[in-house]
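> got a structure for you, letters missing:
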């Protein structure tokens with residue numbers, strides 16, 4: 001396992017099938033190919049309004065969901081960002097070389113500023129530098145991300161290069177890798193990405209079989225092909241989910257029905273719901289077992305933070321020395 005990989009997930013609520021299909025399934029595969037570091041990025045989560053009283057539960061649930069979905073603590077290092085204080089120390093060091101103009105170009109800041117107009121803070125603006133520190137603290141060469149995060153990985157490369165030019169060769173050029181998985185859209189609004197902050201938008205990994213069935217049956221569809229022959233967003237999203245959770249012959253059967261104009265969306269939803277229930281059952285069972293073993297989960301996080309800190313301390317020591325602070 002020559003190369004090192006880093007990725008993170010925010011503890012912002014229930015881990016849903018969009019997270020699973022778009023990120024976690026890829027992580028589960030990649031952990032066997034790279035030295036893997038997966039982080040619950042709680043420092044990122046506090047840049048938008050949140051309830052402190054349920055933050056610890058959200059962090060714990062995110063860890064449980066990821067392990068239940070297949071991340072193996074015996075293979076990958078799993079830890080909580082705030083348990084490794086070097087993340088914020090390296091962020092400050094990087095702040096001293098990052099031009100304001102670079103951050104001003106970040107499209108996610110512009111989007112989040114519109115979404116949270118009453119609480120635009122320095123942390124939200126500086127979020128990409130913290131993300132760069134997350135990655136470069138472990139000198140990760142590979143970063144699996146969604147399309148919306150590619151710009152942040154490019155900024156990370158810019159920061160790494162500027163540091164190397166200014167203070168000496170220290171960091172690799174991290175490479176963003178995009179998964180082949182599709183972008184899963186909201187069940188109730190297929191023009192927007194599936195989101196745990198929008199009720200009715202998602203199916204979570206912890207949902208019961210009946211909850212999964214109800215969510216899928218309520219999904220937005222249409223009455224047939226559009227005049228241009230393309231599927232509507234709702235129908236395309238259902239077929240996307242069908243390809244992820246159902247056998248190829250099932251997908252082909254409904255595609256044939258659609259092409260003939262004979263599709264019954266109620267039938268498609270029933271089949272999709274049952275296939276989704278079956279596919280998520282092992283994850284739900286593993287999740288229930290982990291919830292009964294909180295000390296085991298905490299030990300995973302303790303060991304993960306200990307390993308991560310060993311690497312992080314050395315990186316910060318090297319950076320401070322190169323910057324004349326050692």
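In hand now; what should we look at? All values reported here derive from a predicted model rather than from experimental measurement.
> Can you measure across stretch 258-267, start residue to end residue?
Taking C-alpha to C-alpha, to the nearest Å, the span from the opening residue of stretch 258-267 to its closing residue is 12 Å.
> Contacts for that stretch next, please.
For stretch 258-267, contacts defined as C-beta atoms under 8 Å, 6 or more residues apart in numbering pick out 217, 221, 224, 225, 231, 235, 238, 239, 254, 257. C-beta coordinates here come from the backbone N, C-alpha and C atoms, glycine included.
> pLDDT value on residue 182, please?
We note a pLDDT of 72 for residue 182 in this prediction.
> and it, what helix or strand is that in?
Using DSSP states H and E, residue 182 sits within no helix or strand.
> May I have the phi/psi pair for it?
Backbone torsions of residue 182, given as degrees, to the nearest 10, read phi -80, psi 170.
> Can you say which of the contacts of stretch 258-267 are buried?
Burial by neighbour count, 16 or more other C-beta atoms under 10 Å: within these this picks out 221, 231, 235, 238, 239, 254.
> which intervals of the stretch 201-326 of the chain have sub-threshold pLDDT?
Scanning the stretch 201-326 of the chain for pLDDT under 70 picks out 223-229.
> what do you get if the cut-off is 80, keeping everything else the same?
Applying pLDDT under 80 to the stretch 201-326 of the chain flags the ranges 222-230, 326.
> What are the boundaries of the helices in the chain?
17-19, 25-30, 42-45, 55-68, 86-95, 100-104, 107-115, 122-136, 150-167, 209-217, 233-245, 248-259, 265-291, 294-322 (DSSP state H).
> Pick the most buried one from these.
Mean neighbour count (mean count of other C-beta atoms under 10 Å) peaks for helix 17-19 among these, with a mean of 24.
> Name the residues that touch that one?
So helix 17-19 is in contact with 9, 183-184, 193-195, 202-205, 241, 244, 276, 280, going by C-beta under 8 Å, 6+ apart.
> now the residues you listed in a markdown table, with distance to residue 158?
Formatted as a markdown table, these follow (distance: C-beta to C-beta, whole Å):
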| residue | distance to residue 158 |
| --- | --- |
| 9 | 24 |
| 183 | 26 |
| 184 | 30 |
| 193 | 26 |
| 194 | 30 |
| 195 | 29 |
| 202 | 34 |
| 203 | 37 |
| 204 | 36 |
| 205 | 35 |
| 241 | 37 |
| 244 | 35 |
| 276 | 41 |
| 280 | 40 |
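> ok, of these, which come out buried?
9, 184, 193-195, 202-205, 241, 244, 276, 280.
> on that earlier part again, can I get the helices of the chain in a markdown table with distance to residue 144?
Formatted as a markdown table, the helices of the chain follow (distance: least, C-beta to C-beta, whole Å):
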| stretch | distance to residue 144 |
| --- | --- |
| helix 17-19 | 12 |
| helix 25-30 | 5 |
| helix 42-45 | 16 |
| helix 55-68 | 13 |
| helix 86-95 | 19 |
| helix 100-104 | 23 |
| helix 107-115 | 17 |
| helix 122-136 | 11 |
| helix 150-167 | 10 |
| helix 209-217 | 26 |
| helix 233-245 | 17 |
| helix 248-259 | 25 |
| helix 265-291 | 19 |
| helix 294-322 | 18 |
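> out of these, nearest to residue 4?
Proximity to residue 4 (C-beta to C-beta) singles out helix 294-322 among the helices of the chain, at 9.0 Å.
> Summarise which helices and strands that closest one is packed against.
On a contact count with 3 or more C-beta pairs under 8 Å, 6 or more residues apart in numbering; DSSP states H and E, helix 294-322 meets helix 55-68, strand 77-80, helix 86-95, helix 150-167.
> picking up where we left off before, residue 143: which of the buried ones among the contacts of stretch 258-267 is nearest?
For those, the nearest to residue 143 is residue 239 (29.5 Å; C-beta to C-beta).
> ok, now which ones touch that closest one?
231, 251, 254, 255, 258.
> out of the helices of the chain, nearest to residue 74?
The closest of these to residue 74 is helix 294-322. By C-beta to C-beta, the value is 9.4 Å.
> now that closest one: how far from the chain's centre is it?
How far helix 294-322 lies from its chain's middle: 21 Å, per C-alpha atoms, centre = their mean, to the nearest Å.
> just to revisit the earlier point, which two of the contacts of stretch 258-267 lie the greatest distance from each other?
Among the contacts of stretch 258-267, 217 and 225 lie farthest apart (C-beta to C-beta), at 22.1 Å.
> I figured residue 175 hits residue 144, correct?
No - look at residue 175 against residue 144 with C-beta atoms under 8 Å: they stay out of range, at 10.0 Å.
> and those two? which has more neighbours close in?
Each of residue 175 and residue 144 has its neighbours counted (other C-beta atoms under 10 Å); residue 144 has more, 23 against 14.
> quick one: that one and residue 26 touch, right?
Yes - if you go by C-beta under 8 Å, residue 144 and residue 26 touch, sitting 5.5 Å apart.
> distance of residue 75 from residue 311?
16 Å (C-beta to C-beta, to the nearest Å).
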